[in-house]
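*Asks:* need the 3D shape of this:
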Amino acid sequence: MDLTTKYLGLELRTPLVVSASPLSEDVDNLKRMEDAGASAIVLYSLFEEQLRQDRLELNQHLEHGTESFAEALTYFPDAEEYHLGPEEYLKHIAAAKKATRIPIIASLNCSSPGGWTDYAKQIQKAGADALELNIYYIPTDPDLPGTEVELNYLDILKAVRANVSIPIAVKLSPFFSNFANMAKRLDQAGANGLVLFNRFYQPDIELESLEVKPNILLSTPMSMRLPLRWIALLHGKVKASLAGTSGIHRASDALKMLMAGADVTMLCSTIIRHGIPQIAMIERDLADWMQEHEYESVSQLKGSLSQKNCAEPAAFERAQYMKALTGFAMPRT
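*Replies:* Have a look, this model is predicted:
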């Protein structure tokens, strides 16, 4: 059974890639994930704010006069609360490469272009095989047009692309007026891969303390429906690799994403819930299903049910929406 696939120009043993999570902070975990069958690992993200703070030594300046806006500062983590600082992150990349034989993909969580982007060059020098730009940008200015929001994404990509030669994947949200056009523009601007989709964690309100609190919920298999649809629509229309992330918990989820046209399927919540051995279980079930259904390779499977190759291309557009609603029947009580 040939499970190999290509992602960002990298030859991978299987389409099972571990996405960014706190698990990747420990080198021993990286080795365990490789042993369990991970074909590549995306490291825990380094934040743009950390790079800006490190570059300009903002920590000292932020503490100056804090009595005037102390409450505002509580929204940002203290410097020591970040898991890995810029220098430690580079050392972690080098240690990860030394401890494993699979591709290691660094991750930068960012929201705006700027001087921090030249740090990408140091990530390349540290040995990262590729870089994932996790763009988390929430525009709140009602006077900011959508075209400028889109340009912000493109400017970030172009600034990083100018500093590195390693492959770049862009992890982005679906919140664009025409996502297909945005995908094409990122592809043309130098993205080697698109990761669909970034999950924007929504804040919650603590009723007793009356505070806004961060809120992280692990994904469920239902979360994969949106990336599944867009990967099916984009397959064959962009040159960039397509990675499906969010909601992939079982082999059946990975199979659907591959049939839609994904080059790789990224695992996170399922590993956090069930442990690192879950990777091996998904690979085993994936291979068993392919053998049972007489598929010889992932390449044979990939994109077979994308819009491009689907017998009913309209299934991914409005027709399926209407069919689903008209066919729904309330259960009798």
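*Asks:* which residues touch Leu186?
*Replies:* Counting by C-beta atoms under 8 Å, 6 or more residues apart in numbering, Leu186 touches 153-154, 157, 170, 172, 194, 240. Any C-beta I mention is one placed from the backbone N, CA and C, and that applies to glycine too.
*Asks:* so how far is Leu172 from it?
*Replies:* Distance, Leu186 to Leu172, by C-beta to C-beta, to the nearest Å: 8 Å.
*Asks:* do the same with Leu258
*Replies:* Per C-beta to C-beta, Leu258 is found 21 Å from Leu172.
*Asks:* can you redo the contacts of Leu186 as a markdown table with secondary structure and distance to Pro103?
*Replies:* Shown next, in a markdown table, are the contacts of Leu186 (DSSP: H, G, I helix; E, B strand; the rest coil; distance: C-beta to C-beta, whole Å):
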| residue | secondary structure | distance to Pro103 |
| --- | --- | --- |
| Tyr153 | helix | 24 |
| Leu154 | helix | 26 |
| Leu157 | helix | 20 |
| Val170 | strand | 17 |
| Leu172 | strand | 21 |
| Leu194 | strand | 17 |
| Ala240 | coil | 17 |
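*Asks:* out of those, which are buried?
*Replies:* Among the contacts of Leu186, those scoring as buried are 153-154, 157, 170, 172, 194, 240 (criterion: 16 or more other C-beta atoms under 10 Å).
*Asks:* what is the nearest of those residues to Asp2?
*Replies:* Ala240 (23.1 Å; C-beta to C-beta).
*Asks:* now that closest one: closest residue in space, sequence neighbours ignored.
*Replies:* Asp187 (4.6 Å; C-beta to C-beta, 6 or more residues apart in numbering).
*Asks:* from Gly146, how far off is the one you found?
*Replies:* Counting by C-beta to C-beta, the gap from Asp187 to Gly146 is 19 Å.
*Asks:* which of the two has more residues huddled nearby?
*Replies:* Neighbours were counted for Asp187 and for Gly146 using other C-beta atoms under 10 Å; Asp187 has more, 18 against 13.
*Asks:* with just CA atoms, put the helix or strand hosting the more buried one into PDB.
*Replies:* In this structure, Asp187 sits in helix 179-188 according to DSSP states H and E. Extracted C-alpha coordinates of helix 179-188, given in PDB (Å, rounded to 0.1, in the frame of the first residue of the first chain):
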ATOM      1  CA  PHE A 179     -12.100  32.900  -0.700                       C
ATOM      2  CA  ALA A 180     -11.300  31.200  -4.100                       C
ATOM      3  CA  ASN A 181      -9.900  34.500  -5.400                       C
ATOM      4  CA  MET A 182      -7.900  35.000  -2.200                       C
ATOM      5  CA  ALA A 183      -6.500  31.500  -2.500                       C
ATOM      6  CA  LYS A 184      -5.400  32.200  -6.100                       C
ATOM      7  CA  ARG A 185      -3.700  35.500  -5.100                       C
ATOM      8  CA  LEU A 186      -1.800  33.800  -2.300                       C
ATOM      9  CA  ASP A 187      -0.800  31.100  -4.700                       C
ATOM     10  CA  GLN A 188       0.500  33.700  -7.200                       C
END
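*Asks:* now that helix: how far from the chain's centre is it?
*Replies:* 16 Å (C-alpha atoms, centre = their mean, to the nearest Å).
*Asks:* could you do stretch 275-294 as well?
*Replies:* 22 Å.
*Asks:* out of the contacts of Leu186, who's nearest Tyr119?
*Replies:* Once C-beta to C-beta is applied, the member of the contacts of Leu186 that ends up nearest Tyr119 is Leu157, at 14.9 Å.
*Asks:* how near is the nearest residue in space to the closest one that is not next to it in sequence to Ala130?
*Replies:* Excluding the flanking residues, the one nearest Leu157 by C-beta to C-beta, 6+ apart is Ala189, at 5.2 Å. Note on Ala189: its distance to Ala130, by C-beta to C-beta, is 16 Å.
*Asks:* compare these two and say which is more crowded by neighbours.
*Replies:* More neighbours surround Ala130 than the other of Ala189 and Ala130, with 25 against 16 (other C-beta under 10 Å).
*Asks:* that one: what's it in contact with?
*Replies:* Ala130 makes contacts with 8, 10, 103, 105-106, 166-169, 192-193, as judged by C-beta under 8 Å, 6+ apart.
*Asks:* ok, Asn109 next?
*Replies:* 45-48, 134, 136.
*Asks:* quick one: the helix or strand where Ile123 lies to chain centroid distance?
*Replies:* Applying DSSP H and E as the criterion places Ile123 in helix 119-126. Centre-to-centre, helix 119-126 and its host chain are 20 Å apart (C-alpha atoms, centre = their mean).
*Asks:* go on, stretch 212-226?
*Replies:* Counting by C-alpha atoms, centre = their mean, stretch 212-226 comes out at 13 Å from the chain centroid.
*Asks:* now do stretch 251-262
*Replies:* 16 Å.
*Asks:* can you list contacts of it?
*Replies:* 15-16, 221, 224, 227-229, 231-232, 234-236, 242-244, 247-248, 265, 281-286, 288-290, 298, 301-306, 308.
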